[in-house]
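Student: Just a sequence and a predicted model for now, questions to come.
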Amino acid sequence: MVSDGKPGIGLNRLVSQLLAEMDGVHSSNDVFVIGATNRVDLVDKSLLRPGRFDQTILVDAAVDASSRFNILSAVTRRLPLSANVDLVRLTAQCPPRMTGADFYWLARQAAMNAASRLVKSLSVENHVDRDNENDEHDLETRVENTDFLTALASISESTNGHEVGL
């Protein structure tokens, strides 16, 4: 909806509708409207006026090892991790300004790498003549350390410290 750095008609309508809805919220004291962005510099200034999103709170990237480990643990808790995955060591290998969204992307990309590895192994097996019915392939795969390292090689942080600009 943005071209050449200028908002398009669709974006203008969206902002106008959002402003109208937010201005109508004042009639109820029981409603709080909360927004989140990692690019506050791109937020329409009319949204930041008093009575709308008039408070801005920076939730910075986790920089201490404990917080980063806790975030990575939380986003990987439902993934079937291999025994060779050391989250403490993996956290230390991550770029310093990773956000929760970055850690989430890392975990999802590692899971996709594991799924891709499984699909490749199944397609190789389909080309092999298999007479033994007892040799069923275990379709459950685990996310390996190499899946994380491959994902880490292509990660880009969502904030670099200069974009935040509060």
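Tutor: Structure received.
Student: switch to C-alpha atoms for all contacts and neighbour counts from now on
Tutor: Will do.
Student: okay, which residue is most central for the protein?
Tutor: The centroid of the chain falls nearest to Ala101 when counting by C-alpha atoms, centre = their mean (3.0 Å).
Student: Where is the longest helix in the chain?
Tutor: helix 100-126 (DSSP state H).
Student: Can you pull the domain assignment for this protein?
Tutor: Domains of the chain are assigned by automatic domain parsing as 2-48, 65-153.
Student: any idea which of those domains is most buried?
Tutor: domain 65-153 (a mean of 15; mean count of other C-alpha atoms under 10 Å).
Student: Distance from the chain centre to that one, please.
Tutor: Distance of domain 65-153 from the chain centroid (C-alpha atoms, centre = their mean, to the nearest Å) equals 16 Å.
Student: if I pick Cys94, what's in contact with it?
Tutor: By C-alpha atoms under 8 Å, 6 or more residues apart in numbering, the contact set of Cys94 is Leu152.
Student: That one and Asn12: what is the separation?
Tutor: 38 Å (C-alpha to C-alpha, to the nearest Å).
Student: Buried ones in stretch 48-55, by neighbour count?
Tutor: Across stretch 48-55, burial judged by 16 or more other C-alpha atoms under 10 Å covers 52-53.
Student: and the end-to-end length of that stretch?
Tutor: OK, stretch 48-55 end separation, C-alpha to C-alpha: 8 Å.
Student: can you list contacts of it?
Tutor: Against stretch 48-55 from outside (C-alpha under 8 Å, 6+ apart): 19, 22-23, 33-35, 47.
Student: please redo it, this time with the cut-off set to 6 Å
Tutor: Leu47 (C-alpha atoms under 6 Å, 6 or more residues apart in numbering).
Student: so where do the helices sit in this structure?
Tutor: Using DSSP H, helices in the chain cover 9-24, 65-76, 87-93, 100-126, 145-153.
Student: what does the shortest one rub up against?
Tutor: In this structure, residues lying in contact with helix 87-93 by C-alpha under 6 Å, 6+ apart are Phe69.
Student: looking at the helices of the chain, which is closest to Leu58?
Tutor: When those are compared by C-alpha to C-alpha, helix 100-126 sits nearest Leu58, at 13.6 Å.
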